[in-house]
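Visitor: Need a 3D model of the following:
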Amino acid sequence: MLEGSIHRARIESIDLLRGIIIVIMALDHSHDFFGSLTSQPTDLATTTPALFFTRWITHFCAPVFFLLTGTGASLTLKRMSKSALARFLVSRGLWLIFLDVVVMRFALQFNLDYHITILVVLWALGWAMIVLAALIWLPIWLIAAFGVLCIAGHNALDNIDAAQFGAWAPLWKLLHELGVVFSIHGHTVVVAYVLIPWVAVTAMGYVLGTVYQWPAHVRRPVLFWLGVGLMLGFVVLRYVDIYGDPGPWSVQKTPLFTLMSFINCNKYPPSLLFLMMTLGPALLLLWAFDAGVPRWLRPAHTIGRVPLFFYVVHFYWIHLLAVAACWICYGTVANMFQSPDLAHFPFTAPPGWNFGLPVVYLVWAFVVISLYPLCAWYAGVRRRHDWWWLSYL
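Guide: Numbering: from 1, shown residues only. The predicted structure follows:
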């Protein structure tokens, strides 16, 4: 979500892809608040195709965010020195970590008891930017080697159990193993976005930024063939099923469910195949949009100019809508402010809480449409002013 400290000379294709992705992300979060809190959309034994693909399409969001964060950092070098960029990345990273554990935690749970704290995307994005502040001093080929090694090789670490590190177990969980970091006196911290693969994706995004320094007739074929190569590589590696994801695919009761099994890759942490599956199409979209922004996608382009603003505001808006729905349906809202444990996250759902996918999609559409004027206004403010604090939201 790095947008640069100066917001001129933006690349429209990047803003457009970022906007499309963040609009799709809002669908996932609408389901988080209006769907069943106990459903497992990617569990083929219990899911439906509609629920599965509603969840699956949102898998593209996080990889694109991290990739374009690195790309944005690289492009910012056109407007500031490397030392200035490093300072900005550190300060911006610390700000995102604060947003995640304070501002966004409240947006998710509407309480300050800190019984449950889940470290999610902004937390990892913040650390990725801080690490990138150090990586940018390396030669670009070495940054690329670091990114490829971590992305391609981190699944070799899947069988390492954090418990074997003793007192250092929490550190390994932050780096690579999803789960509880610590739980003390009723206060539990859980890491959902581990650092090794996400830092690597951000590093590769920084490398991708160098491609945007090339002329269009050179850049576009590179984007196209990189995207095609990742997608073909995904199909081949997934088919042989030897390495790249901890969950094997299998033939299911119908061809559609077999396809679902084939593309049902691990996000927590993101496996090699998960990243190939999502970043390949993302690069093809960058290739397609490089020719210009279609008029009908201009609203997504506007939202993509202010992604962090949309991210923060839309969580509060969806949660407030859920509170209103709870009041209308149940006559009480007390449980909407209670999340005592992981089984009741992000709130304690009343009995029968599940409005179904049609309502989830209606809520999603309402949230995006209602927030668009606000995003357009804020994008205008950013375009007209160079106030330093605008780069932090």
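
Visitor: which helix in the chain runs the most residues?
Guide: In the chain, taking DSSP state H as the definition, the longest helix is helix 356-384.

Visitor: Quick check: the closest residue to C265 other than its chain neighbours vs F66, distance?
Guide: In this structure, C265 finds its nearest non-sequential neighbour in F274, 3.9 Å apart by Cβ to Cβ, 6 or more residues apart in numbering. Every residue, glycine included, has its C-beta placed from N, CA and C. With distances taken as Cβ to Cβ, to the nearest Å, F274 is found 12 Å from F66.

Visitor: re earlier: show me which residues of the longest helix of the chain are buried.
Guide: For helix 356-384, burial by neighbour count (16 or more other Cβ atoms under 10 Å) applies to 360-361, 363-364, 367-368, 371-372, 374-375, 378-379, 382.

Visitor: any chance of these in a markdown table, with pLDDT and distance to V236 too?
Guide: Converted to a markdown table, these look like this (pLDDT from 0 to 100; distance: Cβ to Cβ, whole Å):
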| residue | pLDDT | distance to V236 |
| --- | --- | --- |
| V360 | 97 | 35 |
| Y361 | 98 | 34 |
| V363 | 98 | 39 |
| W364 | 98 | 34 |
| V367 | 98 | 39 |
| V368 | 98 | 36 |
| L371 | 98 | 41 |
| Y372 | 97 | 41 |
| L374 | 97 | 45 |
| C375 | 96 | 40 |
| Y378 | 95 | 44 |
| A379 | 92 | 41 |
| R382 | 89 | 43 |
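
Visitor: Which of those residues sits closest to I20?
Guide: Nearest to I20 among the buried residues of helix 356-384: V368, at 11.1 Å, using Cβ to Cβ.

Visitor: Hmm, A26 and the closest one touching each other?
Guide: Yes: shown here, V368 and A26 form a contact pair, counting by Cβ atoms under 8 Å, at 5.7 Å.

Visitor: what's the overlap in contacts for these two?
Guide: H314 (Cβ atoms under 8 Å, 6 or more residues apart in numbering).

Visitor: quick one, what contacts the residue located most distally from the centre of the chain?
Guide: The C-alpha centroid of the chain is most remote from G331, which lies 34.6 Å away (Cα atoms, centre = their mean). Residues near G331 by Cβ under 8 Å, 6+ apart: none.

Visitor: any idea how far I318 is from it?
Guide: Distance from G331 to I318, by Cβ to Cβ: 21 Å.

Visitor: what's the model's confidence in stretch 256-276, averaged?
Guide: Averaging pLDDT along stretch 256-276 gives 97.

Visitor: ranges for the helices of the stretch 1-150 of the chain?
Guide: Per DSSP state H, counting those that start in this stretch, the stretch 1-150 of the chain carries helices over the ranges 12-34, 49-56, 61-76, 82-98, 104-109, 121-135, 140-153.

Visitor: Could you list every helix and strand in contact with the last one?
Guide: Using 3 or more Cβ pairs under 8 Å, 6 or more residues apart in numbering; DSSP states H and E as the contact test, the elements touching helix 140-153 are helix 195-211, helix 272-289.

Visitor: change it to 10 Å
Guide: Packed against helix 140-153 by the contact rule (3 or more Cβ pairs under 10 Å, 6 or more residues apart in numbering; DSSP states H and E) you find helix 61-76, helix 121-135, helix 195-211, helix 272-289.

Visitor: what about A324, how many residues close to it?
Guide: 12 (other Cβ atoms under 10 Å).

Visitor: contacting residues around it?
Guide: Shown in contact with A324 (Cβ atoms under 10 Å, 6 or more residues apart in numbering): 333, 336.

Visitor: Kindly report the same for the one 3 residues further on.
Guide: By Cβ under 10 Å, 6+ apart, the residues touching W327 are 333, 336.

Visitor: start the count at 34, not 1, going forward
Guide: That works, and once the first residue is 34, the last one we named lands at W360.

Visitor: And it, which helix or strand is it part of?
Guide: helix 340-363 (DSSP states H and E).

Visitor: Highest mean neighbour count out of the helices and strands packed on helix 173-186?
Guide: Burial of those is given as mean neighbour count (mean count of other Cβ atoms under 10 Å); helix 94-109 ranks first at a mean of 26.

Visitor: Packing partners of that helix?
Guide: helix 45-67, helix 115-131, helix 154-168, helix 173-186, helix 228-244, helix 305-322, helix 340-363.

Visitor: Mean confidence (pLDDT) on it, please.
Guide: Across helix 94-109, the average pLDDT comes to 96.

Visitor: chain center to it: distance?
Guide: Centroid separation for helix 94-109 versus its chain: 11 Å, with Cα atoms, centre = their mean, to the nearest Å.

Visitor: Run the angle between it and helix 115-131 for me.
Guide: Here helix 94-109 runs at an angle of 150 degrees relative to helix 115-131 (axes from the mean of the first three to the mean of the last three Cα atoms, to 10 degrees).

Visitor: what's the angle from helix 94-109 to helix 154-168?
Guide: 30 degrees.

Visitor: for the chain, where's the lowest mean pLDDT among helices and strands?
Guide: In the chain, no helix or strand scores lower on mean pLDDT, DSSP states H and E than strand 212-217, which sits at a mean of 92.
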